[in-house]
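Trainee: when you get a sec, could you give me coordinates for this:
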Amino acid sequence: MTSLVFGLGFAPIGSAETRISGIDGEALDNVQTILSLNQENCESPAWKIEQLFEQSASEIDRALRVFGYYHSTAQKSLVFDNDCWRAQFDITSGVQTTVSDIAIVIVGDGKNDSEFRTPLDKFSFKKGDPMHHGRYEKLKKRISSLALERGYIKGEFIEKTLRIHTDRHAASIRLVFNTGIRFRFGAITVHQDVLDAYFARSFIKIDDNEYYSSGRLAKIYNDLSSSGYFELIEVRPNIEQEQNGKVPVEITLVAKKKHGFRFGVGFDTDIGPLFSASHTNRRINPIGHSLTSNLKLSPVLSSIDTEYSIPMDKPVSDRLSLGVGYQVLDSDTVESQTATASVQLLKVFESGWRRTYFLDLSHEIFSTDGEDNEATLLVPGGNWRRSVSNNLLRPTQGYSVFFELKGSYENPLSDVSFVQAESLNAWIQNAPWGGKFIARIDLGATLVSEFEKLPTSYRFFAGGTNSIRGYDFQELGPVDDEGDVIGGRFLTIVSAEYEHTVLENWGLAVFVDHGNAFNENRISLKTGVGVGLRWYSPIGPVRIDMAFPLNEAESSIRFHFAAGARL
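Mentor: From the prediction side, this is the model:
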């Protein structure tokens with residue numbers, strides 16, 4: 001591959017070089033892309049280099065015309081030396097052509113469609129703007145795409161005129177687009193044989209006489225895909241069969257296997273080696289009920305749970321679930337066994353927010369400060385969450401928000417009264433130099449009548465991979481008279497991290513975590529700092545951190561391993 005060197009002097013002896021001067025920015029980038037010489041090296045035969053050198057003037061002219069430079073010139077030279085070659089191009093771009101006038105005319109049913117005009121603003125040229133053929137092509141594509149989105153499926157340009165006035169360096173644009181009539185949806189035919197017909201149609205919400213929209217069809221496809229019932233989904237509008245301005249749509253669905261199994265083996269620095277298994281019955285009955293069971297085994301934290309899920313009238317967004325579970329925690333700080341039965345009602349809003357109302361009945365046997373306790377709690381509550389990112393596996397910008405409020409009142413089914421609020425938030429922001437900033441704030445607060453009766457699963461602890469790195473899992477928090485960590489009423493954790501890309505799928509990070517779990521009578525904040533290695537694997541990001549505690553801890557250095565997205 002040809003090396004590109006800019007500045008004074010030629011490349012070292014034995015290496016091919018194409019040197020370009022006189023232009024910069026996107027014009028230079030386009031010349032580099034189009035110039036065929038850039039694909040050659042010292043092993044290329046001399047006749048081929050000379051041939052490509054001869055055609056370089058026309059390639060440079062073509063590359064610069066894209067940006068409105070119609071009068072460019074290039075002084076060029078080619079030298080063969082020491083079994084290699086060097087080419088020099090000194091380019092004068094000339095005066096850039098600007099747009100003198102532009103007219104976009106919409107005729108047909110869409111001429112009075114306000115939605116048809118507004119989105120074109122960012123693609124349109126203003127008088128005096130540089131002529132840019134790329135923007136011109138995007139403008140035409142946007143008009144055609146918008147027509148399909150809005151139901152003008154037979155729209156077409158009846159005039160596309162671009163005149164370049166080279167004598168006065170001006171360009172005039174005139175586009176006339178005939179939308180034709182605005183079509184509506186016709187009959188919707190669904191082919192599938194595993195779900196109740198009415199239930200299957202509940203994913204396809206198209207009102208009678210609704211205007212045709214390609215975006216609407218895309219949403220139907222996404223809704224069917226996210227339902228989890230179907231392996232193959234085909235949504236096909238039969239435009240050629242339209243009648244009286246209505247387009248029939250044919251939907252073909254092929255179901256996934258009824259039973260699904262997953263097994264996993266891994267390692268977590270907080271809980272040690274981990275084995276996991278899950279089974280899903282995707283279709284207990286024709287109306288979409290499902291059952292999911294999970295098993296997780298590790299030396300520190302093990303659990304087994306089962307959830308029965310019932311789609312509501314709007315299965316895309318509303319779901320009721322009934323669950324039972326059992327968890328055993330055996331850390332250096334806490335020993336507990338918890339049995340739980342729960343009811344949850346999930347709603348997903350079009351804005352992206354997910355709301356869950358729940359009612360948990362739990363019985364927990366727990367041990368802190370050398371004493372065994374047990375408690376039964378009936379806990380109603382709700383949580384709200386939203387996650388937004390520009391890339392699911394490798395975001396450079398985005399955020400996640402989680403807020404939960406829950407509590408209980410002492411009664412025959414609850415041994416203690418409490419109210420608890422918790423908020424978990426993360427932000428990722430793109431940074432210069434190929435890096436990104438990652439910030440995290442975790443907050444929690446509890447009002448409780450008798451703290452000693454509050455099960456450890458409702459207390460706050462700190463330390464570990466997803467908490468304050470440099471400290472062991474649940475190592476931090478209020479202590480008893482003997483120095484044993486017993487958990488606290490409050491939680492505050494603030495984390496800041498900078499990650500820099502060093503190779504295509506690798507990165508280096510530096511971070512600082514600060515905070516603790518505490519009670520109002522004693523606040524003792526801890527800090528951990530460190531460096532990390534990031535690998536963006538094909539199945540998701542992997543993080544390895546080496547962290548140092550700046551306060552007293554069980555060890556002077558701790559390694560943390562984590563996998564999965566940050567948002």
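Trainee: the strand or helix carrying residue 253: what's the following helix or strand?
Mentor: Using DSSP states H and E, residue 253 sits within strand 246-255. Next helix or strand after strand 246-255 toward the C-terminus (DSSP H and E): strand 259-268.
Trainee: buried ones in that following strand, by neighbour count?
Mentor: residue 268 (16 or more other CB atoms under 10 Å). C-beta: built from backbone N, CA, C; applies to glycine.
Trainee: export the helix or strand just after that strand to CSV, keeping only CA atoms.
Mentor: Per DSSP H and E, strand 259-268 leads on to strand 272-281 as the next helix or strand towards the C-terminus. Output of strand 272-281 as CSV, limited to C-alpha atoms (Å, rounded to 0.1, in the frame of the first residue of the first chain):
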residue,chain,number,x,y,z
GLY,A,272,-15.6,-16.3,41.7
PRO,A,273,-16.2,-19.1,39.0
LEU,A,274,-19.7,-19.0,37.7
PHE,A,275,-21.9,-21.7,36.1
SER,A,276,-25.3,-20.6,34.6
ALA,A,277,-28.1,-22.4,32.9
SER,A,278,-31.5,-21.3,31.7
HIS,A,279,-34.6,-22.8,30.0
THR,A,280,-37.4,-20.9,28.2
ASN,A,281,-40.7,-22.3,27.1
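Trainee: tell me what strand 272-281 is packed against?
Mentor: strand 259-268, strand 290-297 (3 or more CB pairs under 8 Å, 6 or more residues apart in numbering; DSSP states H and E).
Trainee: may I see the buried residues of the longest strand along the chain?
Mentor: What stands out as the longest strand in the chain, according to DSSP state E, is strand 371-389. Using 16+ other CB under 10 Å as the test for burial, strand 371-389 gives 373, 375, 376, 377, 379, 381, 383, 387, 389.
Trainee: likewise for stretch 23-37?
Mentor: Those would be 23, 27, 28, 30, 31, 34, 35, 37, for stretch 23-37 by 16+ other CB under 10 Å.
Trainee: pick out the most distant pair among those.
Mentor: 27 and 37 (17.2 Å; CB to CB).
Trainee: tell me who's in contact with the most centrally placed residue in the chain.
Mentor: The centroid of the chain falls nearest to residue 392 when counting by CA atoms, centre = their mean (2.7 Å). When contacts are counted by CB atoms under 8 Å, 6 or more residues apart in numbering, residue 392 touches residue 565.
Trainee: Provide the secondary structure category for it.
Mentor: Secondary structure, DSSP: H, G, I helix; E, B strand; the rest coil: residue 392 is coil.
Trainee: mind giving me the packing neighbours of the strand holding residue 253?
Mentor: strand 184-191, helix 214-226, strand 230-237.
Trainee: right, and residue 26 touches residue 69 too?
Mentor: No: using CB atoms under 8 Å, residue 26 is not in contact with residue 69, being 11.5 Å away.
Trainee: thinking again about what came up before, so which of the helices and strands packed on strand 272-281 is nearest residue 460?
Mentor: It is, among those and with distance given as CB to CB, strand 259-268, at 20.2 Å.
Trainee: that closest one versus strand 272-281: what angle between them?
Mentor: Strand 259-268 runs at 170 degrees relative to strand 272-281, counting by axes from the mean of the first three to the mean of the last three CA atoms, to 10 degrees.
Trainee: and residue 113, what pLDDT?
Mentor: Looking at residue 113, its pLDDT reads 87.
Trainee: with mean pLDDT and distance to residue 152 added, can I get the helices and strands packed on strand 272-281 in TSV?
Mentor: Formatted as TSV, these follow (pLDDT from 0 to 100; distance: least, CB to CB, whole Å):
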stretch	mean pLDDT	distance to residue 152
strand 259-268	92	42
strand 290-297	97	41
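Trainee: circling back to that earlier point, beyond the longest strand of the chain, next helix or strand please.
Mentor: strand 398-408.
Trainee: partners of that next one in the sheet?
Mentor: strand 371-389 (antiparallel), strand 418-431 (antiparallel) (DSSP bridges).
Trainee: ok, residues contacting the shortest one?
Mentor: Judged by CB under 8 Å, 6+ apart, the contacts made with strand 418-431 from elsewhere in the structure are 389, 395-408, 436-449, 454, 458, 491, 498, 566-567.
Trainee: with adjacent residues omitted, what lies nearest to residue 543?
Mentor: residue 562 (4.6 Å; CB to CB, 6 or more residues apart in numbering).
Trainee: quick check: that neighbour touching residue 466?
Mentor: Yes: using CB under 8 Å, residue 562 makes contact with residue 466 at a distance of 7.0 Å.
Trainee: how about the helices in this structure?
Mentor: 25-34, 46-54, 56-65, 114-117, 133-150, 197-201, 214-226 (DSSP state H).
Trainee: circling back to that earlier point, in PyMOL, select just the buried ones from the contacts of strand 418-431.
Mentor: Selection of buried members from the contacts of strand 418-431 for PyMOL, criterion 16+ other CB under 10 Å:
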select buried, resi 389+395+396+398+399+400+401+402+404+406+407+408+436+438+440+442+443+444+446+448+454+458+491+566+567
